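1. sequence and predicted structure, then a few things I'm wondering about:
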There are 2 protein chains.
Amino acid sequence: MKTRLLTAKDLEAIVSSRGVNRFMDELICELRDGFSRLDAATVNIPVRTGIQYRNPGIGLLEWMPAMTGENKASLKIVGYHPSNPSQYKLPTILSTICIFDTHTGHLTGIFDGTLATAARTGAMSALATDLLCPEACEGIVGLIGCGAQSVTQLHALSRIRTITKVLVFDTDPSAVDSFRDRVSFLPCSLEIKSIEKSQLGELVQNADILCTCTSETPGCGPVFSDGPHKPNLHINAVGSDFPGKTEVPLSVLKRSLLVPDFRQQALAEGECQQLPPEAIACDLHELLASPSRQREGKSRLSVFDSTGHAYADYLAGAYLLASAERLEIGSFVEIECVPPDPRNPYSFLSQTYSASGYSRALGIVATSIT
Amino acid sequence: MKTRLLTAKDLEAIVSSRGVNRFMDELICELRDGFSRLDAATVNIPVRTGIQYRNPGIGLLEWMPAMTGENKASLKIVGYHPSNPSQYKLPTILSTICIFDTHTGHLTGIFDGTLATAARTGAMSALATDLLCPEACEGIVGLIGCGAQSVTQLHALSRIRTITKVLVFDTDPSAVDSFRDRVSFLPCSLEIKSIEKSQLGELVQNADILCTCTSETPGCGPVFSDGPHKPNLHINAVGSDFPGKTEVPLSVLKRSLLVPDFRQQALAEGECQQLPPEAIACDLHELLASPSRQREGKSRLSVFDSTGHAYADYLAGAYLLASAERLEIGSFVEIECVPPDPRNPYSFLSQTYSASGYSRALGIVATSIT
């Protein structure tokens, strides 16, 4: 039983084969198509579950499963360990994506989830923005939070709108300083302007598209104050993914067209926690099916509440694995073993032994019993 | 970030290094020690969750996590696809065990779960039997169900009691026919007698230890009738692991000392579903701490309700991985990738490219933006 393993180099080869722009374009397409055909009858996405602990340090391991009627299921395993950067020089979040064949349960592919997660989070924002932000906007993006997510947010947005200017803010000046370098690959000649905390109102006031992608402490939001803004501002609220963690002021949410990625999860962990369920306009997949909602969203304030959808992981993971298969990228590893005799869990022990060697492997002298 | 991968050959090398008997002895020890120190304050074992589906066929994927205060967590991914043997010549159950370091969330090891599951299920029955069956019994084992689990049940029991005779029954004669060969490695000169369905009463009547390890259809149990039996018969009920699936008659359970592996799970999926919670004597880890309960169990009818404990998977998985580390067995694979710049999810793209190549990899002409 072979499982396709994609290493960092393999993922790089997949992205390089088409360039990062076409990669992002294709991913946005995959998400658009996938969410358009999202059907409760065939797609099975349990709410994510996990284990939280305080020993040896604060940590969380969680599993995000998704299954569709397309003969595949995915499981993203996510570790969240905030002391990783300082104590172990590792990212706070480590994740692994497993893809299964639902005919048999076979693990067909396994690979790191960092790229897929960052790219799909950007692509989801781009998809929502394309549906809710007027095409004829000035192309000014406000970014509150300049960490890893901000790179793919801006990149994905640049694929669906012509971005002219980016106003960036982060509580950590080093994140702002390095932002310019991190997005230097973007081909558009865009202006990047860093904003002081005292000027956040200006950032909000000028933006056509605002992305909040912070790691605000639960209970300490919002990350900006309500104030003047363009009448059809579109906000992608990317950071809230935990009970009590919110980024957008309640008053802003109240007068916006509010669209979560996954209603049930957003009510528990997203911006939607701040509001009763009836304040939600529709889920993203419902928005895709409703041109009138899209028109409405483009003519007023709108918020995409992005909590991180396991189905987006599924689509991004399946896209990467299918690309690897087409390009013949990756290596095969034997994780699952099939015993030669399914009724004998020890039978694999005889695979490299002769009949007598089998007994040797078992460490005993076999006695014929009749 | 390296993950130790153990293939079938690697698992074989671990077992061969000590022989299958010492392997089983050590596993029983690990489970005894592990369950003795099971402490709700440090061990975190969420009830297993999963996805069930009917398309493309009947299937189930489930995740069994376990975390302890020992800086490790495990996740067993289990696929249950009943049409695998007939349609795909694969086992009904495929499973993979992942071991994580809870300092960082790093995936330290990954390997097949078939051997660990079968071995720990046998070892758990042996542990319960050792605590609940008199030492001075006649050593007669009754096995109802002769599939894969029966091999490790009998093997594990043979490590804690001198087994003289095995009475075996299966609804499928081919399973009975091959059973003798499958346990021919057992060193004891034991007599194996196959039993017709009409003689099941005789099997129950003569057994000191009865193991039910069937795949009885939910709602169709029990798999034997109440009737005469030895006064201190011990039953390991191994097969029930699903709502409605039971193997032991209610009247037998009612007059037994009933010990589940995991109370919460047993009440939902095990023999314990047939009874109110107050009918449960204690969990296995509580039995380990209670010599008086053990004495009581040895002097009366007792039932170990084995639904499959994620903590047993954790202990078996951690034991296999630790053995591999000590013996330097296995290979290292790069599943997780750490981007050189944690704030830039695309930074791994530059790993094998020069600065200009980086842009080539991105498929664009970089423009310096200031």
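-> Right, received. Where do you want to start? Numbering: from 1, shown residues only, chains lettered A, B, ... in the order given.

2. and the closest residue to residue A:317 other than its chain neighbours, how many neighbours does it have?
-> Nearest residue to residue A:317, sequence neighbours excluded (C-beta to C-beta, 6 or more residues apart in numbering or on different chains): residue A:97, at 4.4 Å. Where you see a C-beta, it was placed from the backbone N, CA and C, and this is true even at glycine. Here the count is done by other C-beta atoms under 10 Å in any protein chain shown, and residue A:97 has 28 residues near it.

3. for the stretch 51-200 of chain A, what spans make up the strands?
-> Along the stretch 51-200 of chain A, the segments classed as strands by DSSP state E, counting those that start in this stretch run A:59-67, A:72-80, A:93-101, A:107-112, A:140-144, A:165-169, A:191-194.

4. for the ones you listed, give me JSON lines that also has distance to residue B:74 and mean pLDDT.
-> As requested, those are exported to JSON lines (distance: least, C-beta to C-beta, whole Å; pLDDT from 0 to 100):
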{"stretch": "strand A:59-67", "distance to residue B:74": "10", "mean pLDDT": "93"}
{"stretch": "strand A:72-80", "distance to residue B:74": "12", "mean pLDDT": "96"}
{"stretch": "strand A:93-101", "distance to residue B:74": "14", "mean pLDDT": "96"}
{"stretch": "strand A:107-112", "distance to residue B:74": "16", "mean pLDDT": "98"}
{"stretch": "strand A:140-144", "distance to residue B:74": "38", "mean pLDDT": "98"}
{"stretch": "strand A:165-169", "distance to residue B:74": "41", "mean pLDDT": "97"}
{"stretch": "strand A:191-194", "distance to residue B:74": "45", "mean pLDDT": "94"}
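
5. still on that earlier bit, and the residue nearest to residue A:317, bridged to which residues?
-> Beta-bridge pairing for residue A:97 (DSSP bridges): residue A:76, residue A:111.

6. touching, it and residue A:111? I think so.
-> Yes. Counting by C-beta atoms under 8 Å, residue A:97 touches residue A:111, with 5.7 Å between them.

7. list residues touching both of the two?
-> Common contacts of residue A:97 and residue A:111, defined by C-beta atoms under 8 Å, 6 or more residues apart in numbering or on different chains, comprise A:317, A:320.

8. show me where the stretch 151-300 of chain A has its helices.
-> For the stretch 151-300 of chain A, the helices defined by DSSP state H, counting those that start in this stretch cover A:173-182, A:200-206, A:250-254, A:263-269, A:284-288, A:291-298.

9. out of these, nearest to residue A:60?
-> Closest to residue A:60 of those, according to C-beta to C-beta: helix A:263-269, at 12.3 Å.

10. near the nearest residue to residue A:279 once chain neighbours are set aside, how many other residues are there?
-> Leaving aside its chain neighbours, residue A:279 sits nearest to residue A:258 (6.1 Å; criterion: C-beta to C-beta, 6+ apart). Look at residue A:258: counted by other C-beta under 10 Å, it has 27 neighbours.

11. can you tell me which residues contact residue A:62?
-> Counting by C-beta under 8 Å, 6+ apart, residue A:62 touches A:48-51, A:77-78, A:80.

12. rewinding a little: any idea which of the strands of the stretch 51-200 of chain A is most buried?
-> strand A:140-144 (a mean of 27; mean count of other C-beta atoms under 10 Å in any protein chain shown).

13. same for it, what does it pack against?
-> Here strand A:140-144 touches helix A:148-158, strand A:165-169, helix A:200-206, strand A:209-212, going by 3 or more C-beta pairs under 8 Å, 6 or more residues apart in numbering or on different chains; DSSP states H and E.

14. residues of stretch A:215-232 that come out buried?
-> For stretch A:215-232, burial by neighbour count (16 or more other C-beta atoms under 10 Å in any protein chain shown) applies to A:216, A:221-224, A:226, A:229-230, A:232.

15. state the pLDDT value of the residue most central in space within chain A.
-> Residue closest to the average C-alpha location in chain A (C-alpha atoms, centre = their mean): residue A:117, at 3.4 Å. pLDDT recorded at residue A:117 is 95.

16. where's it relative to chain B, distance?
-> From residue A:117 across to chain B, the span is 8 Å (C-beta to the nearest C-beta, to the nearest Å).

17. next: residue A:3.
-> From residue A:3 to chain B the distance is 9 Å (C-beta to the nearest C-beta).

18. same deal with residue A:269?
-> Taking C-beta to the nearest C-beta, one finds residue A:269 at 17 Å from chain B.

19. quick one, phi/psi of residue A:3?
-> Backbone dihedrals for residue A:3, given as degrees, to the nearest 10, come out at phi -120, psi 130.

20. between the contacts of residue A:62, which sits nearest residue B:244?
-> Taking C-beta to C-beta as the measure, residue B:244 sits nearest to residue A:49 out of the contacts of residue A:62, at 23.4 Å.

21. how about the contacts made by residue A:45?
-> Shown in contact with residue A:45 (C-beta under 8 Å, 6+ apart): A:65-67, A:262, A:309-311.

22. now check stretch A:296-306, is it near chain B?
-> No. Using C-beta under 8 Å from any C-beta of the partner chain, stretch A:296-306 stays clear of chain B, coming no nearer than 15.7 Å.

23. show me the contact partners of that stretch.
-> Counting by C-beta under 8 Å, 6+ apart, A:121, A:124-125, A:128-129, A:131-134, A:229, A:231-238, A:240, A:248, A:252-253, A:255-261, A:266, A:270-272, A:281, A:284, A:287 sit against stretch A:296-306.

24. what subset of the residues you listed is buried?
-> A:121, A:124-125, A:128-129, A:131-133, A:229, A:232-238, A:240, A:248, A:252-253, A:256-261, A:266, A:270-272, A:281, A:284, A:287.

25. and whatever residue of the stretch 101-250 of chain A ends up closest to chain B, how far is that from residue A:3?
-> In the stretch 101-250 of chain A, the residue that lies nearest chain B is residue A:105 (2.1 Å; C-beta to the nearest C-beta). According to C-beta to C-beta, to the nearest Å, residue A:105 stands 12 Å off from residue A:3.

26. mind checking which of these two has more residues around it?
-> Using other C-beta under 10 Å, the more surrounded residue of residue A:105 and residue A:3 is residue A:105, with 27 against 21.

27. list the residues that contact the more buried one.
-> Applying C-beta under 8 Å, 6+ apart, we find residue A:105 in contact with B:59, B:61, B:78-81, B:84, B:93-94.
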